[in-house]
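[1] Below are the sequence and a predicted model for it; my questions follow.
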Amino acid sequence: MKKIEIEFTINGKKRRLSVKPNDLLINIIRNDLFLTGSKYGCGIGECGACTVLLNGEPVLSCLTLAATVDGKEITTIEGLAIGDELHPMQKAFLKNGAVQCGFCTPGMILTATALLKENPNSTEDEIRDYMRGNLCRCTGYIQIVKAIKSCENNLETS
Amino acid sequence: MSTNTKILTQEFEYFAPKTLEETLGLLCKYKDKNTKILAGGTDLLVKMKTINLNVDYLINIKDISELNFINTDGGLKIGAAVPLSHIERVGKVKEKYPALYEGIKSMAAIAIRNMATIPGNICNASPAGDTIPPLIVYSAELKLVSKRGERTVQVEDFITGVGKTIIKADELVTQVNIPEINNNSGSAFSKKSRVKADIAKINLAIWLERDGNFCKYCKIVLGSVFIKAVRAKKAEDLLREQIVNDDLFIKVAKKASEEIKPIDDVRSIAEYRTDLAQVMVEDSLKLAWGRAGGEL
């Protein structure tokens, strides 16, 4: 298979890579760029653990060919904090105990930041509806919903 | 035997054309090979991983600007590369085409809808495709373009069976056209699944046109109850040009549930689907009638 040269921005940094047509974005991010925050869960678009932001929108990196991100901007969980200062959503997840095993957390937080951007005043129903593609097998979602809700309130008052 | 979905094992040649012209050239050149279009990839890549769908040439149409547009002048015209989430955010879709809006919103979750497209959902031709019943009730048509020329086909006539459509190997769906609908019409979508992000046990869309307390015209389309989404034509006949009341809606719903031919499968059983269809049709008729400004 002929390799393809791609150039994209990941967490603010420009990267040039040579990828195979059948390379999945999740594997490039984890194995080539060593950003292991994004997780491989189901591989078929059911669980949301591999969620990354592509041009600011959540997408599934296990169903995205690396070749297709040429020229695009990707944010992974590693790109949310500014230096040592965590993103408000990361702080909210910590504060509310919304993390147990942590496997779903990167995808969960990235999807939640997109929700916040789209609708900063979501109701609990709207939060649960938006987050329905990110599965968590530990928390029972209560703390996650609470964290997202508290983050909205924070952003409102700040 | 388990499937490794972590990697994509099959090898193929990848193209990312920048123009429609270039895409059609590639489709024409490789029409006799296993050539697939990549738009969202949310069905295609899953099939390549799980059932080893064979692909020799893959053409990515995501970044072609000619296919990335939504035009709301006189109906709706949607380019083939527009993701579902961008369609659901268009005010006119929610306001004028609620069945399509609700159908899209019911699909999977936001990350999938940021990737998937309407032509992808249609060309995948699953009997449970959620955009299909709404598009049929709105008489939507697809524009198919190839080097040989172009044609338009009603969504209703496009799908012929499970995973089967009338598209030719060198053709590309470039856009979906949905005609303008008038103000005394109403529509609704309904879907039942185990959890919200699931594939439908059964889904349906209804559109009707009201003239006073008469139903002038209607379309009832059910999905996941046959090899493709089907119109309940006998039920439509019962309703057309009749004075609407509760009893009539019950009769129409009963007829619709008798017309479908559901099967037992992993998501549900035929008996349950039949019972459910009746309830869903009745509820959706009432909702659509209300949205058309009608009273019961």
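    Thanks, I have the structure now.
[2] how far away is the residue of chain B found nearest chain A from residue A:46?
    Residue of chain B nearest chain A, by C-beta to the nearest C-beta: residue B:109 (2.2 Å). In short, each C-beta sits where N, CA and C put it, glycine included. Look at residue B:109 and residue A:46: by C-beta to C-beta, to the nearest Å, they are 9 Å apart.
[3] neighbour count winner among those two?
    residue B:109 (24 against 19; other C-beta atoms under 10 Å in any protein chain shown).
[4] show me what contacts the residue nearest to the more buried one when sequence neighbours are not counted?
    What sits nearest to residue B:109 in space, not counting adjacent residues and going by C-beta to C-beta, 6 or more residues apart in numbering or on different chains, is residue A:133, at 2.2 Å. Neighbour list for residue A:133: A:47-48, A:111, B:108-112, B:197 [criterion: C-beta atoms under 8 Å, 6 or more residues apart in numbering or on different chains].
[5] Need the pLDDT of residue B:198.
    Residue B:198 is assigned a predicted lDDT (pLDDT) of 87.
[6] domain parsing for chain A?
    A:4-79, A:88-157 (automatic domain parsing).
[7] Off-centre distance for the last one?
    Computed by C-alpha atoms, centre = their mean, to the nearest Å, the separation of domain A:88-157 from the middle of its chain amounts to 12 Å.
[8] quick one: which of the domains of chain A has the weakest pLDDT on average?
    Across these, domain A:88-157 gives the lowest mean pLDDT, at a mean of 93.
[9] Name the residues of whatever helix or strand residue B:207 lives in that are buried.
    Under the criterion of DSSP states H and E, residue B:207 resides in strand B:202-211. Residues of strand B:202-211 classed as buried: B:202-210 (neighbour count, 16 or more other C-beta atoms under 10 Å in any protein chain shown).
[10] give me every residue that touches the spatially most central residue of chain B.
    Central residue of chain B (C-alpha atoms, centre = their mean): residue B:132, 2.0 Å from the mean position. By C-beta under 8 Å, 6+ apart, the contact list for residue B:132 reads B:121-122, B:155, B:159, B:221, B:223, B:228-229.
[11] And it, what's its pLDDT?
    98.
[12] try residue A:86
    On the pLDDT scale, residue A:86 gets 96.
[13] Quick check on it: phi, psi?
    For residue A:86, the backbone dihedrals (degrees, to the nearest 10) come out as phi -70, psi 150.
[14] Let me know the distance separating it from chain B.
    From residue A:86 across to chain B, the span is 23 Å (C-beta to the nearest C-beta, to the nearest Å).
[15] Which pair of the contacts of residue A:133 spans the longest distance?
    Greatest spacing in the contacts of residue A:133, by C-beta to C-beta: A:47 and B:110 (13.7 Å).
[16] Who has more neighbours out of the two?
    Comparing residue A:47 with residue B:110 by other C-beta under 10 Å, the one with more neighbours is residue B:110, at 28 against 23.
[17] what about the residue of chain A found nearest chain B, distance to residue A:37?
    Nearest residue of chain A to chain B: residue A:133, at 2.2 Å (C-beta to the nearest C-beta). The spacing between residue A:133 and residue A:37, counted by C-beta to C-beta, is 18 Å.
[18] on that earlier part again, sheet partners, orientation included, of the strand holding residue B:207?
    strand B:185-192 (antiparallel), strand B:214-223 (antiparallel) (DSSP bridges).
[19] Would you convert the buried residues of strand B:202-211 into a markdown table that also reports pLDDT and distance to residue B:76?
    Putting the buried residues of strand B:202-211 into a markdown table (pLDDT from 0 to 100; distance: C-beta to C-beta, whole Å) gives the following:
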| residue | pLDDT | distance to residue B:76 |
| --- | --- | --- |
| B:202 | 95 | 26 |
| B:203 | 96 | 20 |
| B:204 | 97 | 21 |
| B:205 | 98 | 15 |
| B:206 | 98 | 19 |
| B:207 | 98 | 14 |
| B:208 | 97 | 19 |
| B:209 | 97 | 18 |
| B:210 | 96 | 21 |
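[20] Okay, strands next: where are they in chain A?
    A:4-10, A:13-19, A:51-54, A:57-60, A:73-75 (DSSP state E).
[21] Need the CA coordinates for stretch A:49-68. CSV is fine.
    C-alpha atoms of stretch A:49-68 as CSV (Å, rounded to 0.1, in the frame of the first residue of the first chain):
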residue,chain,number,x,y,z
ALA,A,49,-14.0,6.0,24.5
CYS,A,50,-12.0,7.0,21.4
THR,A,51,-13.8,10.4,21.0
VAL,A,52,-11.5,13.2,19.9
LEU,A,53,-12.4,16.7,18.7
LEU,A,54,-12.0,17.2,14.9
ASN,A,55,-12.2,20.9,14.1
GLY,A,56,-13.9,21.3,17.4
GLU,A,57,-16.5,18.6,17.0
PRO,A,58,-16.5,15.2,18.7
VAL,A,59,-15.9,12.3,16.4
LEU,A,60,-14.8,8.7,16.8
SER,A,61,-11.2,8.1,16.1
CYS,A,62,-11.7,4.3,15.8
LEU,A,63,-13.9,4.9,12.8
THR,A,64,-11.8,7.6,11.2
LEU,A,65,-9.0,6.9,8.8
ALA,A,66,-5.9,8.8,9.7
ALA,A,67,-5.5,9.8,6.0
THR,A,68,-8.8,11.8,6.2
